[in-house]
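1. Quick one, what's the 3D model for this:
(chains A and B)
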Amino acid sequence: MQRPIKPQWLLRQADELAGRHRGPGQPRSADLRRAVSAAYYALFHEVALGVVSALAPGADQLDRWRLTRHVQHNAVRSVCDWVASTKAPPSRVRDAMVPLRQTHGLHQAAVTFRILQDSRYCGDYDHTAEFAKEEVLALIDAGRDAITNLGEVAGTPDHLVFATHVLLKSTLR
Amino acid sequence: MTVALDRQRAADRLARDLVGFHTGEVRVEGASAEVTTNHFGDWVVFLTVHLPDPKGETWPYRDVLALRLEIQRRAESCGVDVPVSDRMKPRTNHPMEDDDLVLFDT
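-> Predicted structure coming up:
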């Protein structure tokens, strides 16, 4: 039976892997690493679904799912860097990005995306990375909050600017 | 060689500088830094930050987020010129479940 990718399901999976509400003790390292990954993908898919909703509001569900395949991880990261960095964004996007830094929900989501993506790289590739349950649960909570923030800015002009730049940075293969 | 030493010194400065920082329920009790390359071959400061045990299962994520932003800010002022990858650890080191433990006989 086909079921789509739902950010909330990934967050729930992250919680289960990280041992939320299971009492003291550290889950397996492999489970903690996958929990970080699940939290990252929850946020990534929320961003991707939001981009498509903003730019193709009339598309049916199947078309939306297909269109999200074109939203690329590094494209989202680039735009999040422009929004979340303390340095000035590139001059070509400065006028668009600087106002987004004042939009609390978008700014927080961008900050969290960067942290989750970096953490996910460590979890998936760095043999020497050590994840504690406490930190992983905080990462999941941050991802959950970022998803809530994105929901609150959906449909706003600022979110449309964000979505447009994500898609422009994504290249169609 | 000199660049590598300078980088490590800057990372060590960052670690020392962070001790005592606190925001909300999070207080840095200790920190250590290692400068090495990641799986992409890029130089990174791997920073381990020691925090008190949380009151619940974890620390408030907003406090951890604030700490991470502070780490980035202080990294700049300490002269760290490569990305910082930070990990947070509680005071109590609970034993980890055995990754080799077989639950299902396949």
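2. got the residues of chain B near chain A?
-> For chain B, the residues in contact with chain A (C-beta under 8 Å from any C-beta of the partner chain) are B:38-39, B:46, B:48, B:51, B:53-54, B:57-62, B:64-65, B:68-69, B:72-73, B:83, B:85, B:87-90, B:94-99, B:101. All C-beta spots, glycine's among them, are computed from the backbone N, C-alpha and C.
3. Just the buried subset of those, please.
-> Taking 16 or more other C-beta atoms under 10 Å in any protein chain shown as the criterion, what is buried in the residues of chain B next to chain A is B:38, B:46, B:48, B:51, B:54, B:57-62, B:64-65, B:68, B:72, B:85, B:87-90, B:96-97.
4. what does the model give B:Ala4 for pLDDT?
-> At B:Ala4, the model reports a pLDDT of 84.
5. where in chain B is pLDDT low?
-> B:1, B:101-106 (pLDDT under 70).
6. What of chain A?
-> By pLDDT under 70, the low-scoring segments of chain A are A:173.
7. So which residues of it form strands?
-> Counting by DSSP state E, chain A has no strands to list.
8. and it, which of its residues are near chain B?
-> A:20-21, A:24-31, A:86, A:108, A:111-112, A:115, A:118, A:121-122, A:125-126, A:128-135, A:137-139, A:141-142, A:145.
9. What lies in contact with stretch A:13-26?
-> Residues outside stretch A:13-26 that contact it (C-beta atoms under 8 Å, 6 or more residues apart in numbering or on different chains): A:27, A:31-32, A:34-36, A:38-39, A:42, A:132-133, A:136-137, A:140, A:143, B:57, B:94-97.
10. Also stretch A:101-108?
-> Contact with stretch A:101-108 is made by A:83-84, A:100, A:145-146, A:149-150, A:152-153, A:156, A:158-159, A:162, B:65, as judged by C-beta under 8 Å, 6+ apart.
11. Can you tell me which of the residues you listed are buried?
-> The buried subset of these - by 16+ other C-beta under 10 Å - is A:Val83, A:Ala84, A:Leu100, A:Asp145, A:Ala146, A:Asn149, A:Leu150, A:Val153, A:Asp158, A:His159, A:Phe162, B:Leu65.
12. Can you lay out these as CSV showing distance to A:Met1?
-> Converted to CSV, these look like this (distance: C-beta to C-beta, whole Å):
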residue, distance to A:Met1
A:Val83, 38
A:Ala84, 38
A:Leu100, 39
A:Asp145, 31
A:Ala146, 30
A:Asn149, 32
A:Leu150, 28
A:Val153, 33
A:Asp158, 37
A:His159, 32
A:Phe162, 34
B:Leu65, 38
